[in-house]
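**Student:** The following block contains a protein sequence and its predicted model.
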Amino acid sequence: MTVPTIMRQGRWTPWFYLLPALVIMFVFIVYPTFNTVYLSFLDKTSTRPASAACVPDEPCWGIFENYRYALTNPEMVIALRNNALWLLLMVPGTVIVGLLFAVLADKVPYESVAKSIIFMPMAISFIGAGIIWRFVYYIETGGGEQIGLLNAILVALGREPVAFLSNPAINNFALMVVGVWLWAGFCMTILSAALKGLPAEVLEAARVDGASEWQVFWKVMLPMIMPTIVVVTTTMVINILKIFDIVFVMTGGNYGTEVIANRMFKLIVTDTGRSMAIAVLLIVLTIPIMVFNVRRFRREEAAR
Amino acid sequence: MKPLTRLNRLLSRLPTHLAVVVMCIMWLIPTLGLFITSFRPREDVRTSGWWTVFLPREQVGQVEYETYCASCHGADGKALPQADLTNPDLIARYPRSNRLLAMLRKEINGRPHLVDPPLPENPRQAQEFLSPVLTYLQTISGGHVAGHRFTLRNYADALVGYKGTQDYLTDCQQGVSSTLAKFNCDASDLLNPEGMGRAFLNTVIVTVPSTILPILFAALAAYAFAWLDFKGRQWLFAILVGLQIVPLQMTLVPIARMYVRLGIADTFLGIWLFHTGFGLPYAIYLMRNFIGSLPREIFESAYLDGANHWTAFRRLALPLAAPAIASLGIFQFLWVWNDFLVAKIFLSTHPVLTVQVTNLIDPRGSNWHILTGAAFLSFIVPMIVFFAFQRYFVRGLLAGSVKG
């Protein structure tokens, strides 16, 4: 984008437009980010270096003591494992469900209604979604009727009710189902727009040449929308790294469902230093995506 | 088209239709369950699943009545003339199951009241059997208010933040002292700090400025990025792209401490500024892409006519950017309305809807009737906004969003 030469301006004019936004962003994003990094090297009082919390004869990483906690504490190891599990299963899960639905809905006359339904969870809060699904997973242990949908189905089928949210063998997967329910609509919307943007002639040509619908999808559509799939995937990676509300409201991070952001929230008052180290861990994990996004942006700008 | 070909077409498309419809139903059912539950009377919610509203109604408590009472009082409750269970005056003496329990624990004619089978010793377990019995007695004596399958009382409870054992309106009618201590039993209860009514108001107060402010500042900055020339324009904007995905967790503590020093901790001003700061990178990005793609000729001709940048911004860029402003407005509105973490940390004394809903969660799951109503109250506005302006929301999303 180049500015037309005719649009003359004073030397300070741009800053008059930019200053309010730049000042606010500096005060609310840039400065606090660096401050958080600084605080992560202090102990819970934020007045002494983190090494002050070291106990003799026990492992200590000196000034990096809070990072020792963030990387080796058993709760944190569970949180890191869970975030990895979420990334490995849920990112492909949402993208595949979203793509599948985008392709299928494209073929039916009630497409817009169907897409609205899948997309609707994006409009409500994660907290609200958590309540909705707590109710679906609810288990009645007092001997009464099962009023949670899934356990009622299990009982009707003659099975024992299952504690979906407190059984460590399945609770993480139960939470991921909620995640897919929430985010599949997001992936679907973006992928659907990409599918609609494909040139009709190309698809038609493939069909005329005798390609089956299956081949058209795998050999033509998928490669053509790959850039969009990459964008959706990176966005989902960021969303999953920061996953918090769902876990907070459904299990509180108990029963082995802890995640990084929830751990950070729990420690924010009681042990600021550790909490900040976890926050730094979070941003370090997002930096590759940040670099990727900036690079992609610069490529797009150069192509304009 | 021949009927046979049409049938053939339909059949070949059937799996697609089936898949789409089944997925839509799966996506709808969880929310539907919450919605239906929020309208069901407390006792119904506790004793049966929401899907039973689609089945012919079973008399609540009939089974328990037949187990404990029918052998003496008869199937219709009229077998003992001195204790006619269909008499509303008699039943009205036992508004709650604990009163009924106390009476049943006393001996009658020198013998225990209930022997075959006896009630559980544990009072809580005993009440679990007795409360449906009471509901049944209230129904057959004709004095039961909750005889309807649907009620709005859960919403009244949620709005005022009622946490007692009956419901807010009944308590007010009967003048239950614990309720009178907390509520005035008039419209002012809607602003009770523990209720969803007040939380609704707080959410509106948080959301409106938090939506307008970032758009305002973003429009100014976006104009400069698009149509003004200055040193470092490219790299400043590249930094902005990076800032979009800074996790807000990175900034919570330093900003909270800054607010304490400035004396604006736990104020609406604090949360407005926070949301403005965090809304800006994406807002500027989206607005700059939109304003920058406006045809250059209109700006050039405006300058030829003697307009300066300020007029061009106000008269040309702003009105022409209306679609982008709409997308951004909806996006930011929904984001702030649905936010939990920021409100929990920066506005704990004025709970917003999302925070108040979590306050209402009962780990034992005994208040689903209120919780579902409360959750739905928090959905109403975003759902209306979403369905009314879906087009703009999707457009904002497509412009490439990675936020918060």
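**Tutor:** Perfect, thanks for sending it.
**Student:** What is the neighbour count of whatever residue of chain A ends up closest to chain B?
**Tutor:** Scanning chain A for the residue nearest chain B gives residue A:28, at 2.6 Å (criterion: C-beta to the nearest C-beta). (C-beta placed from N, C-alpha, C; glycine too.) Counted by other C-beta atoms under 10 Å in any protein chain shown, the residues lying close to residue A:28 total 23.
**Student:** what residues are up against the residue nearest to residue B:351 when sequence neighbours are not counted?
**Tutor:** Nearest residue to residue B:351, sequence neighbours excluded (C-beta to C-beta, 6 or more residues apart in numbering or on different chains): residue B:199, at 5.4 Å. Applying C-beta atoms under 8 Å, 6 or more residues apart in numbering or on different chains to residue B:199 gives the contacts B:351-353, B:355-356, B:378.
**Student:** before we move on, back to that, what are the phi and psi angles of the residue nearest to the residue of chain A closest to chain B when sequence neighbours are not counted?
**Tutor:** In space, and not counting its chain neighbours, residue A:28 is closest to residue B:277: 2.6 Å by C-beta to C-beta, 6+ apart. Main-chain dihedrals, residue B:277, degrees, to the nearest 10: phi -60, psi -50.
**Student:** Just give me the neighbour total for residue B:277.
**Tutor:** Residue B:277: 26 neighbours (other C-beta under 10 Å).
**Student:** looking at it, it is touching residue A:21, isn't it?
**Tutor:** No - the criterion here is C-beta atoms under 8 Å, and residue B:277 misses it with residue A:21 at 9.4 Å.
**Student:** burial of residue A:153, as a residue count?
**Tutor:** 14.
**Student:** Going by secondary structure, it is in what exactly?
**Tutor:** helix A:149-156 (DSSP states H and E).
**Student:** repeat for residue A:44
**Tutor:** Per DSSP H and E: residue A:44 is located in neither a helix nor a strand.
**Student:** what's the pLDDT at the closest residue to it other than its chain neighbours?
**Tutor:** What sits nearest to residue A:44 in space, not counting adjacent residues and going by C-beta to C-beta, 6+ apart, is residue A:271, at 4.4 Å. We have a pLDDT of 90 for residue A:271.
**Student:** do the one 5 residues further on as well
**Tutor:** For residue A:276, the pLDDT comes out at 93.
**Student:** Return the distance of it relative to residue A:47.
**Tutor:** Distance of residue A:276 to residue A:47, computed by C-beta to C-beta, to the nearest Å: 14 Å.
**Student:** Neighbour count: these two, which is higher?
**Tutor:** residue A:276 (30 against 8).
**Student:** from what I can see, that one looks like it's in a helix, true?
**Tutor:** Yes - Residue A:276 forms part of a helix when assessed by DSSP: H, G, I helix; E, B strand; the rest coil.
**Student:** dump the residue contacts of it.
**Tutor:** Residue A:276 neighbours (C-beta under 8 Å, 6+ apart): A:36-37, A:39-40, A:66, B:253.
**Student:** Mind doing that once more with 6 Å?
**Tutor:** Neighbour list for residue A:276: A:36, A:39-40 [criterion: C-beta atoms under 6 Å, 6 or more residues apart in numbering or on different chains].
**Student:** So which of the residues you listed belong to strands?
**Tutor:** Among the contacts of residue A:276, DSSP state E puts none in strands.
**Student:** Burial check on residue A:94, number of neighbours?
**Tutor:** When neighbours are counted by other C-beta under 10 Å, residue A:94 registers 26.
**Student:** Would you check that it makes contact with residue A:183?
**Tutor:** Yes - the criterion here is C-beta atoms under 6 Å, and residue A:94 meets it with residue A:183 at 4.5 Å.
**Student:** Using CSV, write down the CA coordinates of stretch B:186-198.
**Tutor:** Output of stretch B:186-198 as CSV, limited to C-alpha atoms (Å, rounded to 0.1, in the frame of the first residue of the first chain):
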residue,chain,number,x,y,z
ASP,B,186,-40.1,-6.0,45.5
ALA,B,187,-38.5,-4.9,42.3
SER,B,188,-35.4,-3.6,44.1
ASP,B,189,-34.3,-7.3,44.6
LEU,B,190,-33.5,-7.4,40.9
LEU,B,191,-30.4,-5.4,41.8
ASN,B,192,-29.4,-7.7,44.6
PRO,B,193,-25.6,-8.1,44.4
GLU,B,194,-25.8,-11.9,44.3
GLY,B,195,-28.4,-12.0,41.5
MET,B,196,-28.2,-12.3,37.8
GLY,B,197,-30.2,-9.1,37.4
ARG,B,198,-27.4,-7.0,38.9
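**Student:** Where do the helices of the stretch 101-250 of chain B begin and end?
**Tutor:** Applying DSSP state H, counting those that start in this stretch to the stretch 101-250 of chain B gives helices spanning B:123-140, B:153-160, B:168-174, B:177-182, B:196-227, B:233-243.
**Student:** most neighbours per residue, which of these?
**Tutor:** Among the helices of the stretch 101-250 of chain B, helix B:153-160 has the highest mean neighbour count (mean count of other C-beta atoms under 10 Å in any protein chain shown), at a mean of 24.
**Student:** And the contacts of that one?
**Tutor:** By C-beta under 6 Å, 6+ apart, the residues outside helix B:153-160 that reach it are B:38, B:167-169, B:189-190, B:192, B:195-197, B:369-370, B:373-374, B:377.
**Student:** at 7 Å instead, please
**Tutor:** Residues from elsewhere that reach helix B:153-160, judged by C-beta atoms under 7 Å, 6 or more residues apart in numbering or on different chains: B:38, B:167-169, B:183, B:189-190, B:192, B:195-197, B:369-370, B:373-374, B:377.
**Student:** That one vs helix B:196-227, what angle?
**Tutor:** 70 degrees (axes from the mean of the first three to the mean of the last three C-alpha atoms, to 10 degrees).
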